[in-house]
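>>> Here's my sequence, what's the structure:
(one chain, ligands or ions: 1)
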Amino acid sequence: MSNPEYRLFQLGSNPSLAEEIASISDIPLAAVDLETFADNEIYERIVDSVRGQDVYVIQGITTPVHDNLMRLMVFIDAARRTSARSINVIIPYFGYARSDRKARSREPIVARLIADLLETQGVKRLMAMDLHTSQVQGFFDIPVDHLLATPVQSHYFYEQGLTGDDVVVVSPDPNSLKMVQNFAKVLNANWAIVDAREEEHGQAKHFQITGTVAGKHAILMDDIIDSGRTMAQASQALADAGATKIDALATHPVLSDHAVERLEAAPLDRVIVTNTIEIPAEKRFDKLVELSVAPLFAEGLRRVINHESMAGMLTSPDNPEISL
Ligand code: R5P
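Numbers count the residues shown, from 1 in each chain. The predicted structure is shown next:
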């Protein structure tokens, strides 16, 4: 798929995912000189001319969040000043997406701020995966290709034979319920929800489960695992309620704080994540299963470049009847 009309770049937030996308797409990654000065200022220079070309750049807003975001902004500035025809950003993990509304007075909406930064600097298109809420798309006036990890995630469970009535997909809190119900439909499985209540501020939480989990293989599903607290607490509630096996499933392995210790200690059989965020060696542990979403990004990129509809990407190959 080599074509002088466009160039693909990566800025170091997740080199292995970028290399996999480039290799599947058969597009070489173009070179950028990237340096950090002693005072932490960033220097970037696009090595070869991109004048008149469509530029695609892969960069997640992942730890170190502000360095990675600034690297993206500096790159966009360089591409615009050198007369790229268009600048298209591929953000596998859109950090700050949880800051999508004012929950309390005098709070910012940082996801909107980032959308404004990208647009005012001339970005023409965004591709992202499993945004914390799909409404974040509405912060942009440019086209947003919102990919879902579901086709890859559901394929994993189909391969394991984990579908049907013996399986229950569980939302660890009310926020993920819609995603969980969809996933349960794809697996022809049941769904349930763990409702965590704190009777009084600072008191221990009580967990109430709606749906049947006793005797079933539970898949606890969320978009993000950050500190691991949500998954650890919900898995304990499921174990207490008699689930036979418990898997945690999430798209984005932020794994900050003491997440690894929490997940290791929790009654979880597996922690199944994708490679939207690169997991360093010291955060890899026995229960971890990493699924690659590079084929989804490569297919999305192919469709964008060829002006093809993205609709076909919103079904699971194992159960195409269900629209995601
Ligand atoms: C929050 O709304 C998200 O969907 C996740 O539930 C949350 O980010 C998980 O965080 P943690 O792993 O820190 O409990």
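>>> Show me which residues of this protein sit near the ligand.
Residues of the chain lying close to the ligand (Cβ under 6 Å from any ligand atom) are 98, 173, 175-176, 222-230. From N, CA and C alone the C-beta is placed, and that goes for glycine too.
>>> Out of these, list just those in strands.
The strands, defined by DSSP state E, take in 222-225 from the residues of the chain next to the ligand.
>>> can you name the two of those that are farthest apart?
Greatest spatial distance among these (Cβ to Cβ): 223 and 225, at 9.0 Å.
>>> okay, these two: which has more neighbours?
Just comparing residue 223 and residue 225: by other Cβ atoms under 10 Å the higher neighbour count belongs to residue 225, 27 against 19.
>>> give me the element the residue nearest to residue 117 when sequence neighbours are not counted is part of.
Using Cβ to Cβ, 6 or more residues apart in numbering and skipping the chain neighbours, the partner closest in space to residue 117 is residue 73 (6.4 Å). With secondary structure defined by DSSP states H and E, residue 73 is part of helix 65-81.
>>> Now do the buried residues in the helix or strand that that helix is followed by.
Per DSSP H and E, the first helix or strand lying C-terminal to helix 65-81 is strand 86-91. Of all the residues in strand 86-91, those buried under the rule 16 or more other Cβ atoms under 10 Å are 87-91.
>>> Run the angle between the next helix or strand along the chain from strand 86-91 and strand 86-91 for me.
Following the chain from strand 86-91 toward its C-terminal end, the next helix or strand by DSSP H and E is helix 110-120. Computed by axes from the mean of the first three to the mean of the last three Cα atoms, to 10 degrees, the angle separating helix 110-120 from strand 86-91 equals 160 degrees.
>>> Adjacent strands (with direction) for the helix or strand just after helix 110-120?
Going down the chain from helix 110-120, the next helix or strand is strand 123-129, by DSSP H and E. For strand 123-129, sheet partners with direction are given as strand 86-91 (parallel), strand 144-147 (parallel), following DSSP bridges.
>>> can you redo these as JSON lines with mean pLDDT?
Below are those laid out as JSON lines (pLDDT from 0 to 100):
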{"stretch": "strand 86-91", "mean pLDDT": "98"}
{"stretch": "strand 144-147", "mean pLDDT": "98"}
